[in-house]
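> Sequence and predicted structure, then a few things I'm wondering about:
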Amino acid sequence: MCPAKKIKILLLTACVLLSHANMNAGGFQTGTFHSPKGFGFCFDHPAVDGIINSYILYADLYGIWDGSKTVPGIKLVYLHQNRLLAFRLPETNAGLFIAPGFSTGYVTDRGKEGHGIVTAADISLSIRFSFEKAFELEAGFLLELGFFSQYQNNYTSTQLYENGLRNAASPHIKLLYRFR
Amino acid sequence: MRKWLCITFLFLIGHLCRGGGFTGHIHPGISWGYSAKLLAFHHYNYLDNSIGFRIDDQQWTTSFTSNAFVQGSISFDLTRRLQSSVLCGYVGIAPGRTIVPVSIRFAFYPRYSFEDGMFYFVQSGVFFRKKASEIPSYGFLGGTGYRIMLASWLSLDLHGGISFTYDRPPVWDPLEETFIPKSNIRRNDAWYCSLNLGISLVF
């Protein structure tokens, strides 16, 4: 399957997922995703109190930092965030969230040549701050356990997605603006 | 180079020893962002063994390359409108060239530093290499930004600026397709001009 077709399928998946978000429940937040893993955009939709559906679309920058690769990957992450603990700081509501989810993308992986499709089950642990001004800040870690598939030389190889395990130690920060 | 090292470390020590005159608030922070190298100047003078001549080459080049930076900072409120910071981190300045900068920044807030509003800053420092044998370099940065007070304990700064960095990169010999030995180099000066865009969280 050619790379352009793979990216089209990925973006179509993103549209299908986002179209199921119930915009009428609790407003929504949009913002940017920052991590040594990559940069991108995020969209959060609170379902009920203490539950947030998070979508992240980011450019995977593995190999870009040290110049070993020149073409970034693209990844879509969905997380169903559940609040474990809520606490209050000055002018801030904060919470500890744990989130199962899944991710998919067209990326590169450690020790492998070229791009491939990744599908992984995710678990995320993060702290989220909701400020009285319409901003939200989330900082956390994401573990991805999944497979990396490549089609090369007329056969498909499927291996463990190593970066999903190694990048679990890389923190991420989300800066969001709260609408409604 | 020694003069820059002395000036920077005197400022650092002055900050630490300063008793009165500042409001006493200290703010740790972290910043990260994107750096685009737009302009470069180099002046090389080296002895080329293959042809037996001395090569002197200086020129400006416009070459766009992308880099990134991440830094930690400790800021001191000198007054309610003036803040000084010590920054240290990891910065890319050119392809294959990364530095560990130790810098001093002075920022001026026309409104107070604890309110939303614009700020303007200048920054200078010494840039160390990962290899201890490499000579440190130095640079300057000036720019502006906008501070958003998310809460009384946390601010989000969006900032941009122009930086000038002095470097002594390895000199490439296009004929021999190898780097010139350091013993053959008589002069090696490079300046990079970059546009920096960043985000900071200051506590």
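Yep, it's here.
> how many other residues sit next to whatever residue of chain B ends up closest to chain A?
Closest contact between chain B and chain A, by Cβ to the nearest Cβ, is at B:Ala151 (4.2 Å). In this view, the C-beta of every residue, glycine as well, is placed from N, C-alpha and C. By other Cβ atoms under 10 Å in any protein chain shown, 17 other residues sit near B:Ala151.
> A:Gly140 too?
By other Cβ under 10 Å, the burial measure for A:Gly140, its neighbour count, is 20.
> Which helix or strand contains it?
Per DSSP states H and E, A:Gly140 falls inside strand A:135-152.
> what about A:Val71, how many neighbours?
Applying other Cβ under 10 Å, I find that A:Val71 has 10 neighbouring residues.
> Read off the pLDDT value for it.
Note for A:Val71: predicted pLDDT of 86.
> And A:Cys2, by the same measure?
pLDDT, A:Cys2: 62.
> cool, A:Trp65 as well?
77.
> Doesn't it lie inside a strand?
No - A:Trp65: not assigned to a strand; according to DSSP: H, G, I helix; E, B strand; the rest coil it is coil.
> Tell me, how many residues neighbour the residue nearest to it when sequence neighbours are not counted?
Nearest non-adjacent residue to A:Trp65, counting by Cβ to Cβ, 6 or more residues apart in numbering or on different chains: B:Ala68, 7.0 Å away. When counting by other Cβ under 10 Å, one arrives at 19 neighbours for B:Ala68.
> cool, the one 5 residues further on as well?
Taking other Cβ under 10 Å as the criterion, the count of residues near B:Ser73 is 19.
> what's downstream of whichever helix or strand it is part of, the next helix or strand?
In the assignment (DSSP H and E), B:Ser73 maps to strand B:53-77. Next helix or strand after strand B:53-77 toward the C-terminus (DSSP H and E): strand B:82-94.
> Run the angle between that next one and strand B:53-77 for me.
150 degrees (axes from the mean of the first three to the mean of the last three Cα atoms, to 10 degrees).
> Parallel or antiparallel, which strands does strand B:82-94 pair with?
strand B:53-77 (antiparallel), strand B:97-108 (antiparallel) (DSSP bridges).
> Now render those as a markdown table, adding distance to A:Leu57.
What follows is these, written out as a markdown table (distance: least, Cβ to Cβ, whole Å):
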| stretch | distance to A:Leu57 |
| --- | --- |
| strand B:53-77 | 20 |
| strand B:97-108 | 28 |
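> As a markdown table, these with mean pLDDT would be great.
Shown next, in a markdown table, are the strands paired with strand B:82-94 (pLDDT from 0 to 100):
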| stretch | mean pLDDT |
| --- | --- |
| strand B:53-77 | 88 |
| strand B:97-108 | 90 |
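> related to what we said a few turns ago, report all helices and strands that the strand holding A:Gly140 contacts.
Using 3 or more Cβ pairs under 8 Å, 6 or more residues apart in numbering or on different chains; DSSP states H and E, the elements in contact with strand A:135-152 are strand A:92-107, strand A:116-131, strand A:155-160, helix A:162-166, strand A:172-179, strand B:137-151, strand B:154-167.
> now those as TSV including mean pLDDT and distance to A:Leu79?
Converted to TSV, those look like this (pLDDT from 0 to 100; distance: least, Cβ to Cβ, whole Å):
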stretch	mean pLDDT	distance to A:Leu79
strand A:92-107	95	4
strand A:116-131	96	5
strand A:155-160	89	21
helix A:162-166	93	14
strand A:172-179	95	11
strand B:137-151	92	23
strand B:154-167	93	23
